[in-house]
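Enquirer: Sequence first, predicted model second:
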Amino acid sequence: MNHAIAATALRVLLIPLIVACWHSGLPHSHWLAAALFAIASLTDWLDGHLARKLGQATEFGAFLDPVADKLLVIVVLLVLLASYPMLLLPIGIIVVRELVISALREWTAAQGQRVAVAFVGKLKATIQMLAIIALLAAEQGDPRWLWLLGSGLIDLSAVLALWSMGEYFFRAWRLRARTQDPSIHRD
């Protein structure tokens, strides 16, 4: 256990707290759920920063970080879907993308390859986190502007999810083609 892995573990431990706050019915519990989700989202940046700065990058940390990300996002999106069924399409796209990309990463790793995350994937993740924070904070769609902001951002995140998935598949295909054809020039 190191500082970077502890930050990742904190992200996982915050998931049930976020869900409990959302469902507690206490005054301002949705704001607390949004704040906890924001903290959990920041640990995604923090674990990578600590791993690089303190030289604590490990194979286990590299495995655990995306698992923690997927757990956080998918669980909270499913919680939101129960309250906002009109978000089924964008949430469905995001969840399917997360599962497909996880499977593709596992497949490329089994081939001894690693496909780097593209900028559009990082942009999608940032917009997705902001959308979830807004949707968690908007209690039953109130205030309306906050719910509209969150739903607009989740729609944008779904579009970026499709784009980044296509880009990830293209990069994986190109990498695979390079490793199988010796006549292709390697960078």
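Expert: Done, it's in.

Enquirer: Check which helices and strands the longest helix seen in the chain sits against.
Expert: Longest helix of the chain, by residue count under DSSP state H: helix 144-180. When contacts are defined as 3 or more Cβ pairs under 8 Å, 6 or more residues apart in numbering; DSSP states H and E, helix 144-180 packs onto helix 88-110, helix 119-137. To be clear about C-beta, it is placed using only N, CA and C from the backbone, and glycine gets the same treatment.

Enquirer: Low-confidence ranges, this structure, go.
Expert: Applying pLDDT under 70 to the chain picks out residues 181-187.

Enquirer: now do 50
Expert: Across the chain, the ranges flagged by pLDDT under 50 are 183-187.

Enquirer: mind listing what's buried in the longest helix of the chain?
Expert: 146-147, 149-151, 153-158, 160-161, 163-165, 167-168, 171-172, 175 (16 or more other Cβ atoms under 10 Å).

Enquirer: Also stretch 15-30?
Expert: Quick answer for stretch 15-30 (16+ other Cβ under 10 Å): Ile15, Ile18, Val19, Cys21, Trp22, Ser29, His30.

Enquirer: Now render these as TSV, adding secondary structure and distance to Ala7.
Expert: Below are the buried residues of stretch 15-30 laid out as TSV (DSSP: H, G, I helix; E, B strand; the rest coil; distance: Cβ to Cβ, whole Å):
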residue	secondary structure	distance to Ala7
Ile15	helix	14
Ile18	helix	16
Val19	helix	20
Cys21	helix	20
Trp22	helix	23
Ser29	helix	25
His30	helix	25
